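> Provided below are the primary sequence and the corresponding predicted coordinates.
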Amino acid sequence: MGMLLKLVNGKKTIEVGVFTGYSLLLTALSIPDDGKITAIDVDRKTYEMIGLPIIKKAGVEDKINFIESQALPVLDQLLEDNEGSFDFGFVDADKGNYWNYHERMMKLIKVGGMVIYDNTLWGGYVALPEEAVPEKKRAMTKSILEFNDSISAYSRVEISHASVGDGMLICRRIR
Ligand SMILES: C[S@@+](CC[C@H](N)C(=O)[O-])C[C@H]1O[C@@H](n2cnc3c(N)ncnc32)[C@H](O)[C@@H]1O
């Protein structure tokens, strides 16, 4: 992800879903000194306890604007005066909302910019027939499959589905 950020000259970025701040630290270390990250999570506690001390030690705290909130209203607010202004987005929050995030990301990210959606292979369940997926995993598997299908048919992006980790759908806005 660090290399992709550099390839798109990522300077102004959004992260949806922070948790401890692991991917946030990577982003903060990969963007230039005057880069800015809008980082959104419903819960700031884990970030404060685990990630923030390390982010401070790394000297990149000033690049981060952490907003403790549900992500959708924040993205809608950002749309009021930031349309087409972000270079990069990383979406790693509630998977059931991925399409809602995508609709907003496609307005916030500039043409040529990139958005990465995490966990899009969902432990490999997306490749199994429904009956082979444990029952408690089926709803989310269906939701991720629908997201992957919809984005494959979406004409405003080029995508590449990287089978690293739990699957990362890399998406470049082309129009
Ligand atoms: C998988 S973790 C993020 C991990 C992080 N991106 C990393 O790689 O280090 C998902 C996070 O999304 C947050 N989250 C879940 N639903 C959310 C929502 N509707 N709005 C904002 N954050 C949400 C959770 O609180 C959790 O911290």
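Here it is on my side, so go on. As the structure is a prediction and not an experimental result, all values here were calculated from the model.

> Now do the strands in this structure.
Assigned by DSSP state E, the chain shows strands spanning 12-16, 36-41, 64-68, 86-91, 109-118, 157-162, 168-173.

> quick one: contacts of the last one?
Among residues not part of strand 168-173, those counted as contacts by C-beta atoms under 8 Å, 6 or more residues apart in numbering are 1, 4, 8, 102, 106, 109-118, 120, 148, 151, 156-162. C-beta: built from backbone N, CA, C; applies to glycine.

> Apply 6 Å and report the result again.
109, 111, 113-118, 120, 157-162 (C-beta atoms under 6 Å, 6 or more residues apart in numbering).

> wait, Thr13 sits on Phe88?
Yes: the pair Thr13 / Phe88 is scored as a contact, 4.2 Å apart, by C-beta atoms under 6 Å.

> For ChimeraX, what selects the buried ones among the contacts of strand 168-173?
Filtering these down to the buried ones (16 or more other C-beta atoms under 10 Å) takes a single ChimeraX command:
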select :109,113,114,115,116,117,118,120,157,159,161
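
> For Pro134, state which of the contacts of strand 168-173 is nearest.
Proximity of the contacts of strand 168-173 to Pro134 (C-beta to C-beta) peaks at Thr120, which lies at 18.5 Å.
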